[in-house]
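>>> the sequence and its predicted three-dimensional model are supplied below.
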Amino acid sequence: MEWENIAVPSGYLISWKKALNLRRMSMRIDRYGEVISVQSEVERNGFTMSVHVFYIDGMLVDTGASRMLEDLKEFYEEVPIEFVSITHPHEDHTGTAAWLLREKSVPIYIRDTAIPQCRTEADIPAYREMIWGERAAFDPSPFGETIQSDHHTYKTIHTPGHEENHLALLDEENGRLFSGDLFIHPKPKVIMEDESVPVLMRSIRKVLEHDFEEMFCQHVGYIRYGKAALKKKLDYLNEVSEQVREMYKEGRTLEEMNNELFSDVPAIVPLSDYEYDSRHMIRTIIEDAAID
Ligand SMILES: [Zn+2]
């Protein structure tokens, strides 16, 4: 779609054109149809982590990490933000929310049950604070079943598994999904202790029941064939689950399964003091199999 055809006020167009000139080393701004994608990076101890925030029709989706504020501030000053939708309360999605509330006085929406934890400064492990920075307290408002910008309506789909209050935002009319951290990677080898493979799979299935094609992932960015990418992730998780169930029936221990299925240990595992670990994938699959 050419920008001239986007049905939005002209001030908006001038703003995003200015915004596209705001490129700098640690920040990248792209446009996909009506969506502006802002990618910011943090680098710590050899780790480079990338987070996106998205902007469309007055709505900002997620707010990056607090260590990205200096980059993001410039963008926030250039586009007319009417409200903010937050997919889940993790610190790399809520890091600049306090600034936005204070400086822009815009409403910030999150799932109702996530509100109490947002009202205090986040208590996060040291390695996460080292990467992302701290997350200041802010006072958000609850999402309804849908959320509306001037020209678009989004269904808020509860999609736990990565985090219990996680929501994905779906614009059914335009086939566009803002997936938060539902996707991140097609073949994850590690998850955090609080995550659950079976719960995540149920959420992916729920989202796949809807019609959409494009996906905007907070870590990967724009994914043209988003639905296909999510399907691929579901297939992979299915495969791992079947292997684990089979080995569990054979009486193999969690350690034996882990050595066989996930012999490579990514650096995040020791760095996170095992908050990230492939064992959590296996454990949550076994726990779920035991309930069935
Ligand atoms: Zn997250």
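Sure, I can see it.
>>> wait, what's in contact with residue 217?
52, 179-184, 223, 226 (Cβ atoms under 8 Å, 6 or more residues apart in numbering). For the C-beta atoms, the positions are set from N, CA and C on the backbone; glycine is no exception.
>>> strands along the stretch 101-250 of the chain, start to end?
In the stretch 101-250 of the chain, the strands defined using DSSP state E, counting those that start in this stretch lie at 108-110, 141-142, 146-148, 153-158, 167-171, 176-180, 191-192, 214-217, 221-223.
>>> could you identify which of the ones you listed is most buried?
Mean neighbours per residue, mean count of other Cβ atoms under 10 Å, is largest over these for strand 176-180, with a mean of 26.
>>> and it, how far from the chain's centre?
Distance of strand 176-180 from the chain centroid (Cα atoms, centre = their mean, to the nearest Å) equals 9 Å.
>>> try stretch 122-134
17 Å.
>>> swap in stretch 56-66?
Relative to its chain's centre, stretch 56-66 lies at 11 Å (Cα atoms, centre = their mean).
>>> for residue 118, list the residues it contacts.
Here residue 118 is in contact with 89, 94, 97, 110, 137-140 (Cβ under 8 Å, 6+ apart).
>>> could you turn the buried ones of those into a ChimeraX selection?
Applying 16 or more other Cβ atoms under 10 Å to those, the buried members can be selected in ChimeraX as follows:
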select :89,94,97,110,138,140
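>>> which of the contacts of residue 118 lies closest to residue 156?
Nearest to residue 156 among the contacts of residue 118 is residue 110, at 9.9 Å by Cβ to Cβ.
>>> in this structure the closest one contacts residue 143, no?
Yes: if you go by Cβ atoms under 8 Å, residue 110 and residue 143 touch, sitting 6.7 Å apart.
>>> pull up the overlap in contacts between these two.
With Cβ under 8 Å, 6+ apart as the test, residue 110 and residue 143 both reach residue 167.
>>> so which residues on the stretch 51-200 of the chain come close to the ion?
Contact residues (Cβ under 5 Å from the ion) of the stretch 51-200 of the chain with the ion: 90, 181.
>>> what's the closest non-adjacent residue to residue 101?
Distances taken as Cβ to Cβ, 6 or more residues apart in numbering place residue 138 nearest to residue 101, at 5.2 Å, with adjacent residues excluded.
>>> contact partners for that neighbour?
Counting by Cβ under 8 Å, 6+ apart, residue 138 has contacts 94, 97-98, 101, 108, 118-119.
>>> now with 6 Å?
By Cβ atoms under 6 Å, 6 or more residues apart in numbering, the residues touching residue 138 are 97-98, 101, 118.
>>> circling back: from the contacts of residue 118, which is closest to the ion?
residue 89 (8.5 Å; Cβ to the ion).
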